[in-house]
Structures are given as C-alpha cells and as structure tokens.
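Peer 1: Just need the structure, nothing else, for what follows:
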Amino acid sequence: MKNAVLEFWNKRNTASKIGLGFLALCIFNWTRLGLISAGILAEPRPVAALAAESSPTQPPPVVLTAAQQREIHRQQLTSQIEELKQSASTAQALVSAFEANEVRATDRFKGRQVIVTGRVQRIRLDVAGDAFVVLGDENEVRGVQCTFENKPVVADLQRGQLVTISGECAGLMLNVQLTNCTVRPGLAQLRAQLKTVSVTP
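Peer 2: The predicted structure follows:
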C-alpha cells in the first residue's frame, strides 16, 4: 500500500512539473508576441537573410561610354605632353650642362630621373652584357649613355632614330650616364595621338 501511494505521488509531481513547464512556455510566447506587436522586440529573421546582410556587397562595375574613355585618354596625353615640355632636355643640352660645370650639374641631376631626347648614335653592350645606346651629335665626343635592363627594347632601336628616354642620372663618366632606362613616346608622337583622339567622333 505504501509503495502504491509513493508511485501515485511521483506521477502527480511529474505531471505537475510538465504542466508548469508548458504554462511557462505559453506565457513566454504570449509575452514575446506582445512585445513584437508593440514594436519593442524585433521579429526574428531567417538565417539565410541574416547571412546575406552580413556578407559584403560588391559595388556595380562602372561602365564608361566611348566618349568618356576618349576624354580620359585625351587628358592622359595632354598630361604627358606637358610633362615632356617642362622636364625633357635634349641630349646635347644635358651634356653641355655637365661640361660647363660638372659640380653643379652633378648636384642637380645625379640620382634623379631625367628625360632626354636625342638621336641614337651608337648601340652597344657593356662589359657586363647590358645593352646601352648613346644619344647625341655624331660630331661630338660626348653624349648621353642610356643603359637598359630590357634588351629587346634596345634591339628595336636604329642608329639615327630620334627617341625620348627616361632614366636615373649617374653622373659623368666620359658620357653622361643614365641607368634603368625606358623608351617613352616623344612630343611628336604624343601630339599625333592627341590629334587623332580629338578628331574621333
């Protein structure tokens, strides 16, 4: 009899606990719905929507019209032309600056980027196997020696060709030395390109 009473009492306690848990869950949901309706609590959102919001969005690519592309090209050409007009020197003028006053010219040019225009007089390889060209007047002893790391560029040059070259000035050693040189478009070539861009409809 005692065991029967204990079993009945345990079942009653278990049922009471389940009932209280269910009641608490109902109260929680009612309270939550009330807060959501009142705008105090935000409604839960699907996980997929939250993941989409947290992932970075890529801005749409900018598509330029043909006219806009031509205008950008025109501005670039104009800028290069102005740079050459202000910075470029002839090979003979650079040599003359060193011959007139090597100390002053060294202080002004050595270690700086120099743009020089002149005709190719010689195309050679130095003792280290690096390709170089000498710009200047064929009747002058000195010229501007331009050393390149890119041999194919030098291979495309011809003696007597008028070129514009930029490089770092290393001072005077028989010739005025420019290192790490690159061939760049000259004024005539840039102006021809600018004219073509300007007249293109």
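
Peer 1: what does whichever strand or helix holds residue 195 contact?
Peer 2: Of the helices and strands defined by DSSP states H and E, residue 195 is found in helix 187-199. Helix 187-199 is contacted from outside by 70, 73-74, 77-78, 80-81, 84-85, 88, 117, 164, 185, using Cβ atoms under 8 Å, 6 or more residues apart in numbering. For the C-beta atoms, the positions are set from N, CA and C on the backbone; glycine is no exception.

Peer 1: now with 7 Å?
Peer 2: Helix 187-199 is contacted from outside by 70, 73, 74, 77, 78, 80, 81, 84, using Cβ atoms under 7 Å, 6 or more residues apart in numbering.

Peer 1: what's the answer for stretch 94-101, then?
Peer 2: Taking Cβ under 7 Å, 6+ apart as the rule, stretch 94-101 contacts 105, 114, 116, 136, 142, 143, 144, 172, 176.

Peer 1: related to what we said a few turns ago, can you list the buried residues in the helix holding residue 195?
Peer 2: For helix 187-199, the neighbour count (16 or more other Cβ atoms under 10 Å) marks 190, 193, 194, 197 as buried.

Peer 1: next one: stretch 109-124
Peer 2: Across stretch 109-124, burial judged by 16+ other Cβ under 10 Å covers 109, 110, 114, 115, 116, 117, 118, 119, 120, 121.

Peer 1: who does the helix or strand harbouring the fifth one pair up with?
Peer 2: Taking DSSP H and E as the definition, one finds residue 116 inside strand 113-125. For strand 113-125, sheet partners with direction are given as strand 89-90 (parallel), strand 131-135 (antiparallel), strand 162-173 (antiparallel), following DSSP bridges.

Peer 1: Including mean neighbour count and mean pLDDT, could those strands go into JSON lines?
Peer 2: Output for these, formatted as JSON lines (neighbours: other Cβ atoms under 10 Å; pLDDT from 0 to 100):
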{"stretch": "strand 89-90", "mean neighbour count": "16", "mean pLDDT": "86"}
{"stretch": "strand 131-135", "mean neighbour count": "23", "mean pLDDT": "94"}
{"stretch": "strand 162-173", "mean neighbour count": "18", "mean pLDDT": "94"}
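
Peer 1: Figure out which of those strands is closest to residue 148.
Peer 2: strand 131-135 (5.1 Å; Cβ to Cβ).

Peer 1: Identify all contacting residues around the closest one.
Peer 2: Residues outside strand 131-135 that contact it (Cβ under 7 Å, 6+ apart): 91, 116, 118-126, 143-148, 151, 154, 157, 165, 175.

Peer 1: one more time with 8 Å
Peer 2: Outside strand 131-135, the residues that touch it by Cβ under 8 Å, 6+ apart are 91, 116-126, 143-148, 151, 154-155, 157, 163, 165, 175.

Peer 1: partners of the helix or strand that comes right after it in the sheet?
Peer 2: The helix or strand immediately downstream of strand 131-135 is strand 144-148, counting by DSSP H and E. Looking at strand 144-148 with DSSP bridges, its partner strands are strand 131-135 (antiparallel), strand 175-184 (parallel).

Peer 1: Quick check: buried residues in strand 144-148?
Peer 2: Those would be 144, 145, 146, 147, 148, for strand 144-148 by 16+ other Cβ under 10 Å.
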